[in-house]
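Asks: Quick one, structure for this:
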Amino acid sequence: MPVDYVVNEAIKHVRHVPSAVEVPLSDALGRYLAEDVVAGFDVPGFNRSAVDGYAVRSADTFGASPTNPIMLRVKGFLAVGDDPGKFVIGPGEAVEISTGAALPPGADAVVMYEDTRRVGDYVEVLRAVPPMGNVSRRGEDVRAGELMYRRGTKLMPWDLGVLASMGISRVRVYNLRIAIVSTGNELLEVESLGGSPPPTGKVINSSRFVIEGMVRTLGGEPHYLGIVGDDEERIAEVVGDALRSFDAVITTGGVSVGKVDYTIRAIMRLKPEFLVHGVSIRPGRPNSVAVVNGKPVFMLSGFPVAALTGFDVLVRPIVLKMVNGEEEPRSVIRGVLTRRVATPVNTRSFVRVRVFRGSDGRVYVEPLALTGSGVLSTLVRGNGILVVPENREGFDEGDEVEVFLIRSVF
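Replies: Residues are numbered from 1 along each chain as shown. Next up is the predicted model:
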């Protein structure tokens with residue numbers, strides 16, 4: 001089924017909303033707010049100097065110039081945190097002041113050091129300053145009662161600083177807990193091998209770590225439940241138990257369209273109200289979605305790159321909807337394709353590429369792998385993903401294309 005159809009229909013059936021939990025700011029990075037945040041007071045809470053210089057009455061500086069300096073008597077010095085009330089500025093007076101310090105009573109502007117010349121206990125003002133010039137006004141950053149953050153906002157490092165400046169030390173965020181179940185008789189945990197290669201026919205469970213990392217990028221807490229063999233009854237039991245404890249379940253493996261789609265048959269035992277088996281993407285056509293009792297179950301391919309693609313196009317938008325979040329903007333770059341990329345029509349294809357700058361200074365895009373949904377190393381050797389939409393059969397050599405970057409380029 002088309003990707004957009006699958007996502008939109010699944011969202012219609014997902015009724016579950018993750019619980020909220022209050023956490024300190026130090027634990028809130030990357031998580032999604034579970035409620036609106038309104039400012040309780042002005043930030044800054046007072047008029048303060050925006051520069052190092054001298055707090056003055058602006059009227060005393062009118063007409064000042066390098067050839068006609070105005071002399072003011074300096075009463076003292078105010079640093080950040082000092083009580084501004086210890087100085088009251090009258091006509092012909094000034095107070096030396098640091099950036100961020102509160103303006104003393106009587107002052108309505110600050111003259112920068114660069115526009116002054118100190119002469120003993122006096123300062124010569126060489127340039128006039130307007131009222132409130134070089135002053136950060138009370139409430140300039142945040143006004144009391146202002147809606148600063150909406151529910152569903154993903155908290156970034158700078159957001160934590162803003163919240164702290166608002167006097168907020170704890171926030172309510174969604175406690176998004178996602179279970180991860182790996183399926184397949186062929187799988188082995190990397191820890192069990194002690195650095196040795198797996199026996200012939202066996203595969204290291206690398207997809208687990210890919211999915212755990214991707215869950216964390218959504219502000220979620222991954223809970224790995226281990227490997228389950230190719231037993232649909234056991235898979236149904238594990239997933240059913242997980243749905244009672246977690247907000248969503250992600251499985252990997254056992255979704256191929258054929259005789260070994262154990263996971264699909266297992267989920268059907270749980271009587272889902274919505275189920276799509278197979279999505280029009282490449283790599284990752286077997287990726288599937290179900291909704292059981294209002295909670296999503298994502299059945300991803302056991303091949304790492306296909307699982308990663310499935311996460312990006314299925315898990316991300318549906319889980320974001322659960323926490324009222326929005327897609328984050330992605331870094332993109334345009335470059336010239338070095339060779340033709342052929343893809344099937346009516347399928348959204350994700351081609352791993354290497355973006356580089358040629359000797360002529362132009363940006364080029366080199367496809368790394370057109371097949372091989374398990375070739376995870378191409379995401380290491382490459383630095384971008386070229387998305388070919390459903391209505392195209394690829395791009396020709398020399399076409400200028402847009403690439404989503406997954407790591408730095410130059």
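Asks: I'd like the secondary structure assignment at the residue nearest the centre of the chain, please.
Replies: The residue lying closest to the centre of the chain (Cα atoms, centre = their mean) is Glu328, at 5.9 Å. Secondary structure, DSSP: H, G, I helix; E, B strand; the rest coil: Glu328 is coil.
Asks: can you pull the contacts of the closest residue in space to Arg127 that isn't next to it in sequence?
Replies: Excluding its sequence neighbours, the residue lying closest to Arg127 (Cβ to Cβ, 6 or more residues apart in numbering) is Asp115, at 4.0 Å. C-beta here means a position set from N, CA and C on the backbone, and glycine is covered the same way. With contact taken as Cβ atoms under 8 Å, 6 or more residues apart in numbering, Asp115 is in contact with 53, 125-127, 129.
Asks: what sits against Phe62?
Replies: Going by Cβ under 8 Å, 6+ apart, Phe62 touches Ala128.
Asks: rewinding a little: what's the closest of the contacts of Asp115 to Leu218?
Replies: Leu218 lies nearest to Gly53 out of these, by Cβ to Cβ, at 46.8 Å.
Asks: Just give me the neighbour total for the closest one.
Replies: Residues lying near Gly53 (other Cβ atoms under 10 Å) number 24.
Asks: which residues in this structure form helices?
Replies: Secondary structure of the chain, counting by DSSP state H: helices at 3-13, 157-165, 207-217, 232-245, 262-269, 304-310, 316-322, 378-381.
Asks: got the buried residues for the first one?
Replies: The one in question is helix 3-13. Of the residues in helix 3-13, those buried under the neighbour-count criterion (16 or more other Cβ atoms under 10 Å) are 3, 6-7, 10-11, 13.
Asks: With the longest one instead?
Replies: By neighbour count on 16+ other Cβ under 10 Å, the buried set for helix 232-245 is 232, 235-236, 238-240, 242-243.
Asks: surely Pro18 meets Val323?
Replies: Yes. In this structure, Pro18 is within contact of Val323 by Cβ atoms under 8 Å, at 6.3 Å.
Asks: what sits against the closest residue to Val88 other than its chain neighbours?
Replies: Closest residue to Val88 apart from its sequence neighbours, by Cβ to Cβ, 6+ apart: Pro105 at 4.8 Å. Shown in contact with Pro105 (Cβ under 8 Å, 6+ apart): 84-85, 87-89.
Asks: Tabulate the buried residues of helix 232-245 in TSV, adding columns for pLDDT and distance to Ala290.
Replies: What follows is these, written out as TSV (pLDDT from 0 to 100; distance: Cβ to Cβ, whole Å):
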residue	pLDDT	distance to Ala290
Glu232	91	14
Ile235	95	12
Ala236	96	12
Val238	97	15
Val239	97	9
Gly240	97	12
Ala242	98	13
Leu243	97	10
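Asks: Pick the one among these closest to Gly310.
Replies: Val239 (16.5 Å).
Asks: got the contact list for that closest one?
Replies: Contact analysis of Val239 by Cβ under 8 Å, 6+ apart lists 181, 249, 251, 266-267, 270, 297.
Asks: please redo it, this time with the cut-off set to 6 Å
Replies: By Cβ atoms under 6 Å, 6 or more residues apart in numbering, Val239 lies in contact with Val249.
Asks: ok, now the one 10 residues further on?
Replies: Contacts for Val249 were tallied using Cβ under 6 Å, 6+ apart; they are 179, 239, 242-243, 297.
Asks: Which single one of these is nearest to Met166?
Replies: Closest to Met166, out of all of the contacts of Val249 and judged by Cβ to Cβ, is Ala179, at 35.3 Å.
Asks: if I look at the closest one, how far off is Pro222?
Replies: Noted for Ala179: a distance of 8 Å to Pro222, by Cβ to Cβ, to the nearest Å.
Asks: which regions of this structure sit below the pLDDT cut-off?
Replies: 255-260, 369-376, 379 (pLDDT under 70).
Asks: Domain parsing of it, as residue ranges.
Replies: Here the domain assignment for the chain is 3-18+176-322, 32-43+141-174, 48-136, 332-405, based on automatic domain parsing.
Asks: which of the ones you listed sits most buried?
Replies: Greatest average neighbour count among the domains of the chain goes to domain 3-18+176-322 (a mean of 19), per mean count of other Cβ atoms under 10 Å.
Asks: what does stretch 345-353 contact?
Replies: 3, 280-282, 309, 341, 343, 365, 367-369, 378, 382, 384-388, 390, 393, 403.
Asks: Wait, Ser58 touches Gly106, no?
Replies: No. Ser58 is not in contact with Gly106 according to Cβ atoms under 6 Å; the separation is 11.1 Å.
Asks: What separation is there between the nearest residue to Gly139 once chain neighbours are set aside and Asn134?
Replies: Closest residue in space to Gly139, ignoring its immediate chain neighbours: Asp42 at 3.7 Å, by Cβ to Cβ, 6+ apart. As judged by Cβ to Cβ, Asp42 and Asn134 stand 19 Å apart.
Asks: show me the contacts for Ile227.
Replies: 182, 187.
Asks: Okay, the residue nearest to Val88 and Phe46: tell me how far apart.
Replies: For Pro105, the distance to Phe46 (Cβ to Cβ) stands at 11 Å.
Asks: Once you drop chain neighbours, what's closest to Val21?
Replies: If the residues on either side of it in the chain are set aside, Val21 comes closest to Asn175, at 4.1 Å by Cβ to Cβ, 6+ apart.
Asks: What's the local residue count around the one you found?
Replies: Count around Asn175 with other Cβ under 10 Å applied: 18.
Asks: That one is in contact with Glu22, isn't it?
Replies: No. Between Asn175 and Glu22 there is no contact under Cβ under 6 Å: 9.7 Å.
Asks: now the strands: where do they sit in the stretch 151-300 of the chain?
Replies: With strands called from DSSP state E, counting those that start in this stretch, the stretch 151-300 of the chain shows them at 170-174, 177-183, 187-188, 203-204, 221-228, 248-252, 274-277, 281-282, 288-292, 295-300.
Asks: counting contacts, what elements does the first one pack onto?
Replies: This means strand 170-174. Packed against strand 170-174, as judged by 3 or more Cβ pairs under 6 Å, 6 or more residues apart in numbering; DSSP states H and E, are the following elements: strand 20-24.
Asks: neighbouring strands for the strand it packs on, and are they parallel or not?
Replies: When pairing is defined by DSSP bridges, strand 20-24 lines up against strand 170-174 (antiparallel).
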